[in-house]
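Student: I would like the atomic coordinates for the input below:
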Amino acid sequence: MGNSLSLMLEKIRSKFLLELAERSSLLDQAYQNLKTISPRTTALMDISKIAHKIAGTAGMLGFVELGNQAALAEELIRHYSLGGKVDENALRSNITKLIDLMRSAE
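Tutor: Presented below is the predicted three-dimensional model:
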């Protein structure tokens, strides 16, 4: 049973890494849209959706820092979308760090 569980987790991890490469490209595009397209709502929602998917899985698969960074990005965007004050530089820095962590995990 231990071997089959390990094999199953390795398959999940491999699939996560494959999807991470695609999500990294999508996140990079959404980030570029955030900087150039108005209204920013669509770009922020795209970033939030990607971050949510990563935050929910990364930590369980051993990518703790990546999961934490994704959760932070999602939380910053949620706070911003509810009308809260968010430091624009902090938001951009967080998203950039998330993209870098995603690429280094690939």
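
Student: now the longest helix belonging to the chain, how far from the chain's geometric center?
Tutor: The residue-count maximum for a helix in the chain (DSSP state H) belongs to helix 2-36. Relative to the chain's own centre, helix 2-36 is displaced by 9 Å; criterion: CA atoms, centre = their mean, to the nearest Å.

Student: now for the protein, which residue lies nearest the mean position of the chain?
Tutor: The residue lying closest to the centre of the chain (CA atoms, centre = their mean) is Ala51, at 2.9 Å.

Student: that older thread, C-alpha coordinates for whichever helix or strand comes after the longest helix of the chain, CSV please?
Tutor: Tracing the chain past helix 2-36, the next element assigned as helix or strand by DSSP states H and E is helix 41-57. The C-alpha trace of helix 41-57 is given here as CSV (Å, rounded to 0.1, in the frame of the first residue of the first chain):
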residue,chain,number,x,y,z
THR,A,41,-10.8,43.6,-12.7
THR,A,42,-10.4,40.8,-15.3
ALA,A,43,-6.7,40.6,-14.9
LEU,A,44,-7.0,40.5,-11.1
MET,A,45,-9.6,37.8,-11.2
ASP,A,46,-7.4,35.7,-13.6
ILE,A,47,-4.5,36.1,-11.2
SER,A,48,-6.6,35.2,-8.2
LYS,A,49,-8.0,32.1,-9.9
ILE,A,50,-4.5,30.8,-10.7
ALA,A,51,-3.2,31.7,-7.3
HIS,A,52,-6.1,29.9,-5.7
LYS,A,53,-5.4,26.7,-7.6
ILE,A,54,-1.7,26.7,-6.7
ALA,A,55,-2.3,27.6,-3.1
GLY,A,56,-4.6,24.7,-2.6
THR,A,57,-2.2,22.1,-3.9
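
Student: quick one: low-confidence parts of this protein?
Tutor: Where the chain drops to pLDDT under 70, the residues are 1-2, 38.

Student: re the thing from before, what residues are up against the residue nearest to the centre of the chain?
Tutor: Contact analysis of Ala51 by CB atoms under 8 Å, 6 or more residues apart in numbering lists 27, 70-71, 73-74, 77, 98. C-beta: built from backbone N, CA, C; applies to glycine.
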